[in-house]
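**Q** Based on what follows, work out the 3D shape:
(one chain, ligands or ions: 1)
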Amino acid sequence: MITGKPFLSENNINTRIRELAEEITNDYNGKSLVVVGLLKGAFMFFSDLVRHIQVPITVDFIIASSYVMSSTSGKVKVHADIREQVRGRHVLLVEDIVDTGLTLNHIRDNLLSRAPESLKICTLLDKKERRVVNVPLDYVGFTVPNKFLVGYGLDYDNQFRNLPYISVFKKSG
Ligand code: IMP
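**A** Got it, this is the predicted structure:
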């Protein structure tokens with residue numbers, strides 16, 4: 001069940017996304033960018049973020065999973081890969097939440113092996129205290145405590161992704 005009032009309201013999220021997009025726009029001034037979304041979780045954040053980025057972009061997606069219900073398995077499976085060639089291009093990887101860092105680390109290594117000109121990472125949420133592998137994060141929306149969050153793309157058992165805000169989820173009983 002979802003407890004109390006939203007942990008992050010629509011307003012909080014939107015304000016922070018505009019700030020992140022402005023920072024990205026400034027950093028890539030005069031360049032173009034391949035923005036890669038990690039699905040499914042990042043779908044909502046991705047679409048809100050890119051509409052405020054004001055440099056030329058192409059978009060692509062990776063579908064990966066590392067999670068069974070709410071515990072990390074430590075294994076990363078890539079179900080669908082990007083189709084864009086990233087060699088020699090600036091790439092921005094967009095993630096919903098970094099927890100242990102295992103998923104992102106795996107995807108990052110995979111993309112780096114294709115020799116992009118640069119690779120940066122943008123995550124909406126950083127659950128820092130759970131980190132197992134150190135992944136460099138270039139843009140972070142919010143640092144969050146070790147609680148299970150749902151909404152705005154984040155799921156529990158594939159539910160709650162459509163909530164426009166982020167809430168803490170507790171198993172009932
Ligand atoms: P990591 O590999 O442990 O960093 O896990 C990252 C992935 O786990 C994210 O892309 C999410 O899909 C999922 N995840 C981690 N924490 C949460 C959470 O609080 N709510 C929902 N999904 C989460």
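
**Q** Taking the centroid of the chain, which residue is nearest it?
**A** In the chain, the centroid-proximal residue (C-alpha atoms, centre = their mean) is residue 95; its distance is 1.2 Å.

**Q** Could you find the closest non-adjacent residue to that residue?
**A** Spatial nearest neighbour of residue 95, chain neighbours left out: residue 123 (4.4 Å); criterion: C-beta to C-beta, 6 or more residues apart in numbering. Where you see a C-beta, it was placed from the backbone N, CA and C, and this is true even at glycine.

**Q** measure residue 127 to the ligand for me?
**A** 6 Å (C-beta to the nearest ligand atom, to the nearest Å).

**Q** so what's the residue nearest to residue 95 up against?
**A** 94, 95, 96, 97, 98, 104, 137, 139, 140, 141 (C-beta atoms under 8 Å, 6 or more residues apart in numbering).

**Q** Quick check: pLDDT value at the residue nearest to the centre of the chain.
**A** As predicted, residue 95 sits at a pLDDT of 98.

**Q** Indicate each strand paired with the host helix or strand of it and its parallel or antiparallel sense.
**A** Assigned by DSSP states H and E, residue 95 belongs to strand 90-98. If you go by DSSP bridges, strand 90-98 pairs up with strand 33-39 (parallel), strand 118-126 (parallel).

**Q** after that strand, next one along is what?
**A** Immediately after strand 90-98, counting by DSSP H and E, sits helix 102-112.

**Q** re earlier: which other residues reach the strand holding residue 95?
**A** Applying C-beta under 8 Å, 6+ apart, the external contacts of strand 90-98 come out as 24, 28, 31-38, 41-42, 45-46, 49, 103-104, 107-108, 111, 116-127, 131, 135, 137, 144, 149, 152-154.

**Q** Over to stretch 23-31?
**A** With C-beta under 8 Å, 6+ apart, stretch 23-31 has contacts from 33, 49, 52, 53, 54, 55, 90, 92, 120, 122, 139.

**Q** so can I have JSON lines of the contacts of residue 123 showing distance to residue 2?
**A** As requested, the contacts of residue 123 are exported to JSON lines (distance: C-beta to C-beta, whole Å):
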{"residue": "94", "distance to residue 2": "25"}
{"residue": "95", "distance to residue 2": "22"}
{"residue": "96", "distance to residue 2": "17"}
{"residue": "97", "distance to residue 2": "17"}
{"residue": "98", "distance to residue 2": "22"}
{"residue": "104", "distance to residue 2": "26"}
{"residue": "137", "distance to residue 2": "27"}
{"residue": "139", "distance to residue 2": "27"}
{"residue": "140", "distance to residue 2": "24"}
{"residue": "141", "distance to residue 2": "20"}
